[in-house]
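**Student:** I would like the atomic coordinates for the input below:
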Amino acid sequence: QVQLVESGGGLVPAGGSLRLSCVASGGTFTFSTYVMGWFRQAPGKEREFVAHITWNGGMTHTADSLKGRFTISRDSTQNTLYLQMNSLKPEDTAVYYCAGRRPFSSVSQVRDDYDYWGQGTQVTVSS
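**Tutor:** Here you go, the predicted structure:
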């Protein structure tokens with residue numbers, strides 16, 4: 001069974017930065033074959049797409065509203081996915097989730113297309 005564990009969340013003032021990490025493990029899991037993504041869920045709202053990255057890291061896509069501030073990356077030698085978040089705003093406050101799709105899947109912004117999820121890490125941006 002694939003396991004995803006996020007870390008790096010916390011409390012940060014507006015304008016600050018955070019880097020989230022997601023370490024993958026489990027079974028016959030081969031991280032480098034999985035499309036990976038980040039989603040977030042603010043209180044009282046639906047879980048929304050943040051960014052995804054292809055299985056080989058060759059292509060990334062970030063939600064239009066977050067482009068220029070958020071960057072997704074991966075290090076397959078460390079089985080780790082990252083989300084660099086800069087110029088944070090109070091509206092970025094949410095629980096951030098790491099997610100993975102089965103091997104060699106196509107990229108997707110759709111939450112239900114992802115097969116594996118982490119437990120989430122809280123990001124709180126103070127004004």
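**Student:** tell me how many other residues crowd the residue nearest to G16 when sequence neighbours are not counted.
**Tutor:** Leaving aside its sequence neighbours, G16 sits nearest to L88 (Cβ to Cβ, 6 or more residues apart in numbering; 5.3 Å). From N, CA and C alone the C-beta is placed, and that goes for glycine too. By other Cβ atoms under 10 Å, 21 other residues sit near L88.
**Student:** and if you look at V12?
**Tutor:** Neighbours of V12 under the rule other Cβ under 10 Å: 17.
**Student:** right, and it touches L18 too?
**Tutor:** Yes. Contact criterion Cβ atoms under 8 Å: V12 and L18 qualify, at 5.6 Å.
**Student:** and Y97, what does it touch?
**Tutor:** By Cβ atoms under 8 Å, 6 or more residues apart in numbering, the contact list for Y97 reads 6, 38-41, 47, 117-118, 120.
**Student:** CA atoms only for whichever strand or helix holds it, dumped as PDB, please.
**Tutor:** If you go by DSSP states H and E, Y97 is part of strand 94-103. Extracted in PDB, the C-alpha atoms of strand 94-103 (Å, rounded to 0.1, in the frame of the first residue of the first chain):
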ATOM      1  CA  ALA A  94      -5.800  25.500   4.200                       C
ATOM      2  CA  VAL A  95      -4.800  21.900   4.800                       C
ATOM      3  CA  TYR A  96      -2.500  20.900   2.000                       C
ATOM      4  CA  TYR A  97      -2.600  17.400   0.700                       C
ATOM      5  CA  CYS A  98      -0.200  15.400  -1.400                       C
ATOM      6  CA  ALA A  99      -1.700  13.000  -3.900                       C
ATOM      7  CA  GLY A 100      -0.600  10.300  -6.400                       C
ATOM      8  CA  ARG A 101      -2.000   8.600  -9.400                       C
ATOM      9  CA  ARG A 102      -1.200   5.000 -10.500                       C
ATOM     10  CA  PRO A 103       1.900   4.400 -12.500                       C
END
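**Student:** before we move on, back to that, how about the contacts of Y97, which pair is most distant?
**Tutor:** Using Cβ to Cβ, the contacts of Y97 span at most 13.8 Å, a distance reached by E6 and R47.
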